[in-house]
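Chemist: quick one, fold the following:
(2 chains)
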Amino acid sequence: MSRAGALKRLKVDVRQKSFQSASGGTLHVIRGLAFSLQSGEVGALVGPSGCGKTTLLRIIAGLDPDYEGSVALPDHGRLGFVFQEPRLLPWRTLEQNVRLAAPGASDATLTALFHTLGLETHRNLFPGELSLGLARRVALARALAVEPDLLLLDEPFVSLDDALAARLREELAELVSFRPVTTLLVTHNIDEAIGLADRLFLLSESPAHVLAEVPIPRPRVKRSAADLATLRAEIAGKLSQA
Amino acid sequence: MVRIVSLALLMAAWFIGSQLAGPRMLPDPQAVALMIVEEARSGALAFNLGATLARVAVAFALAMALGSALGLAMGRYRIVDRLGDPWLVVLLNLPALVIIVLAYVWAGLTETAAIAAVALNKLPIATVTVREGARSLDRGLDEMAQVFGMSAWTRMRHIVLPQLAPYLAAAARSGLSLVWKIVLIVELLGRPNGVGFEIGVAFQLFDVTKILTYALAFVAVMLVIETFLVQPLERHVSRWRPKAA
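Modeler: Residues are numbered from 1 along each chain as shown, chains lettered A, B, ... in the order given. All right, here's what the predicted structure looks like:
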């Protein structure tokens, strides 16, 4: 992993990533996958299930050093990660969960975050007493509380009902526009990607590489239903060409 | 309520037994109670209980600390596990008596030898229990801690120890009762005081009353420790778990 100085953007270039399968064969998960994100941009990796999206996020987060290629994180490289499952500490309260990850966060920051995510009244509950939707919010609050230079989201709204997922998406969009942070979102849901991202990266089946890059015009709020439909059709076309 | 009835039944059985067997073989509860009062007045009871309790405390703390550290290392690192496992199997299968006798032969009839022998008996059991816990640590939480850059201290205190708590509690529970039983043997074989020593003397004089006096007094002490120390601690550590129905 190389890190240039004064770098404000995320630059990913994974030439090859493979796993040894149990039967002794080699499974190529990623081959020749490269993209970059400008500072403050929200990127979305969209691709079929099992195409190696989570593996890619783990590589970017430094959890999997066994790959060929390079990843350059934005300056300081403070990470906020929202895992697919919330990964909270069941033996600590919500507030402790957030504070343990972000010991430097001020009371004001936390109060504002809890307020936006509708968690103020739950501060002293344990994760076992929460619904999945609330647990996801806590995971989001934790990732944002560290004031990350790079926010990584791995299918953060999967297995929530549509209405709840939409509301959480809006809250996240609001939080990210309030304090711009370079964000990389992984999803298999095109609508979710369009709703949040400035730039889409469409991924192929395994071994994954970038099929196409689709910039999404800003600002998000001004997009009409018709615009979105056109965009969706365009993306679906690109995916089917591959 | 059920506990009290059960205890009363035990006392009744004891009383009937003592009437049948005669006071020499089995003194009745009243005789033992009088003896406890008498020994307590003379100070001998407190002195011997204290000596035994101190040995239990030191040996227990030593075995738990070393055993937990070793178990954690063996559960987390394959190489340590492979290196340590044969030693563990040897220690686990060495009879307590052999360890005690060897300790006294090699280090003399000293306090150090006594405590080391007890700790060495308890150590492998604590290690095996904690190793099982360390093997089942949640990798997802480890990764979370790594991504958020948590310090080693934070990880230990807030991520590893809470996951090991049930295993540590199990090791402590079984350990406390095992340690005090072995301490008595150690005292019987090579110490000039303590409950084990007193019971050894009483055995030579065929003084069953005294044997029961010391045994019951110490069981009472352990009950108090269990009720007022171990159980509240367990409740505190597992407060986040949803209550069982």
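
Chemist: spell out which residues of chain B are next to chain A.
Modeler: B:140-141, B:143-144, B:146-150, B:154, B:158-159, B:162, B:240-242 (CB under 8 Å from any CB of the partner chain). To be clear about C-beta, it is placed using only N, CA and C from the backbone, and glycine gets the same treatment.

Chemist: buried subset of the residues you listed?
Modeler: By neighbour count, with 16 or more other CB atoms under 10 Å in any protein chain shown, the residues of chain B next to chain A hold B:141, B:143-144, B:147-148, B:150, B:158-159, B:162, B:240 as buried.

Chemist: contact residues of chain A facing chain B?
Modeler: Near chain B, when you scan chain A using CB under 8 Å from any CB, you find A:58, A:61-63, A:78-81, A:83, A:85, A:87, A:89-92, A:96, A:100-103, A:126, A:128-129, A:142, A:146.

Chemist: quick check: the farthest pair among the buried ones among the residues of chain B next to chain A?
Modeler: By the measure CB to CB, B:Val147 and B:Trp240 form the most distant pair in those, at 22.8 Å.

Chemist: quick one: furthest residue from the center of chain B?
Modeler: B:Val147 (39.8 Å; CA atoms, centre = their mean).

Chemist: out of the helices and strands in chain A, which is least certain?
Modeler: When each helix and strand of chain A is scored by mean pLDDT, DSSP states H and E, helix A:225-241 comes last, with a mean of 76.

Chemist: quick one: list the elements packing against that one.
Modeler: If contacts are counted by 3 or more CB pairs under 8 Å, 6 or more residues apart in numbering or on different chains; DSSP states H and E, helix A:225-241 sits against helix A:190-196, strand A:199-203, strand A:210-215.

Chemist: now, the residues of chain B next to chain A that are in strands?
Modeler: Among the residues of chain B next to chain A, no residue falls in strands (DSSP state E).

Chemist: quick one: which of those residues sit in helices?
Modeler: B:140-141, B:143-144, B:146-147, B:154, B:162 (DSSP state H).

Chemist: identify, from the residues you listed, the entry nearest to A:Val46.
Modeler: Distances from A:Val46 to these, taken by CB to CB, are shortest for B:Val147, at 22.7 Å.

Chemist: quick check, pLDDT for that closest one.
Modeler: At B:Val147, the predicted lDDT confidence score is 92.

Chemist: next one: A:Ala34
Modeler: So, for A:Ala34, pLDDT stands at 90.

Chemist: for A:Leu184, see how far away A:Arg31 is.
Modeler: According to CB to CB, to the nearest Å, A:Arg31 stands 19 Å off from A:Leu184.

Chemist: these two: who's more crowded?
Modeler: More crowded of A:Arg31 and A:Leu184, by other CB atoms under 10 Å in any protein chain shown: A:Leu184, with 25 against 17.

Chemist: can you tell me the closest non-neighbouring residue to A:Val181?
Modeler: Of all residues not flanking A:Val181 in the chain, A:Leu151 sits nearest, at 5.1 Å (CB to CB, 6 or more residues apart in numbering or on different chains).

Chemist: could you confirm A:Val158 falls within a strand?
Modeler: No: counting by DSSP: H, G, I helix; E, B strand; the rest coil, A:Val158 is not part of a strand but coil.

Chemist: tell me, what residue is most central in chain B?
Modeler: B:Leu176 (1.5 Å).

Chemist: and for residue 202, the neighbour number?
Modeler: In the absence of a named chain, this looks at chain A. A:Leu202: 19 neighbours (other CB under 10 Å).

Chemist: correction: the question concerned chain B.
Modeler: 18.

Chemist: and it, what is it in contact with?
Modeler: Going by CB atoms under 8 Å, 6 or more residues apart in numbering or on different chains, B:Ala202 touches B:208, B:210-211, B:214.

Chemist: cutoff 7 Å now
Modeler: Each residue near B:Ala202 by CB atoms under 7 Å, 6 or more residues apart in numbering or on different chains is listed here: B:210-211.

Chemist: check which helix or strand covers it.
Modeler: helix B:195-204 (DSSP states H and E).

Chemist: what's the next helix or strand along the chain from that helix packed up against?
Modeler: Later in the chain than helix B:195-204, the nearest helix or strand by DSSP H and E is helix B:208-225. If you count contacts as 3 or more CB pairs under 7 Å, 6 or more residues apart in numbering or on different chains; DSSP states H and E, helix B:208-225 packs onto helix B:29-42, helix B:44-76, helix B:161-190, helix B:195-204.

Chemist: B:Thr154 versus B:Tyr167, what's the distance?
Modeler: Distance from B:Tyr167 to B:Thr154, by CB to CB: 21 Å.

Chemist: so which of the helices and strands packed on helix A:225-241 comes closest to B:Ala103?
Modeler: Nearest of the helices and strands packed on helix A:225-241 (CB to CB): strand A:199-203, 65.2 Å.

Chemist: neighbouring strands - and their directions - for the closest one?
Modeler: strand A:42-46 (parallel), strand A:210-215 (antiparallel) (DSSP bridges).

Chemist: count residues in the vicinity of the nearest residue to A:Leu89 once chain neighbours are set aside, would you?
Modeler: Once flanking residues are discounted, A:Leu89 sits nearest to A:Asn97: 5.6 Å by CB to CB, 6+ apart. As a burial measure, A:Asn97 scores 26 neighbours (other CB under 10 Å).

Chemist: ok, the residue nearest in space to the middle of chain A - contacts?
Modeler: With distances taken as CA atoms, centre = their mean, A:Leu153 lies nearest the centre of chain A, 2.0 Å away. A:Leu153 is in contact with A:82, A:183, A:185-186, counting by CB under 7 Å, 6+ apart.

Chemist: what bridges to it?
Modeler: A:Val82, A:Leu185.

Chemist: quick check, pLDDT for it.
Modeler: The model's pLDDT for A:Leu153 equals 93.

Chemist: any figure for the gap between it and A:Arg31?
Modeler: Counting by CB to CB - A:Leu153 and A:Arg31 are separated by 24 Å.

Chemist: any low-confidence regions in chain B?
Modeler: For chain B, the stretches with pLDDT under 70 are B:243-245.

Chemist: buried ones in stretch B:154-172?
Modeler: B:155, B:158-160, B:162-165, B:167-172.

Chemist: chain A: which of those residues is nearest?
Modeler: B:Pro162 (4.1 Å; CB to the nearest CB).

Chemist: so who does the closest one touch?
Modeler: A:Trp91.

Chemist: quick one: neighbours of the nearest residue to B:Val147 once chain neighbours are set aside, just the number.
Modeler: The shortest distance from B:Val147 to any non-neighbouring residue, by CB to CB, 6+ apart, is to A:Phe81 (4.4 Å). For A:Phe81, the number of neighbouring residues by other CB under 10 Å comes to 26.

Chemist: ok, A:Phe81 touching A:Ala143?
Modeler: Yes: using CB atoms under 7 Å, A:Phe81 is in contact with A:Ala143, at 5.9 Å.

Chemist: common neighbours of the two, please.
Modeler: Counting by CB under 7 Å, 6+ apart, nothing touches both A:Phe81 and A:Ala143.

Chemist: can you give me the end-to-end span of stretch A:191-207?
Modeler: 24 Å (CA to CA, to the nearest Å).

Chemist: buried ones in it?
Modeler: For stretch A:191-207, by 16+ other CB under 10 Å, it's A:192-204, A:206-207.

Chemist: cool, stretch A:22-41 as well?
Modeler: For stretch A:22-41, by 16+ other CB under 10 Å, it's A:29-31, A:33, A:35, A:37, A:40-41.

Chemist: ditto for stretch B:34-44
Modeler: Result for stretch B:34-44 [16+ other CB under 10 Å]: buried residues B:35-36, B:39.
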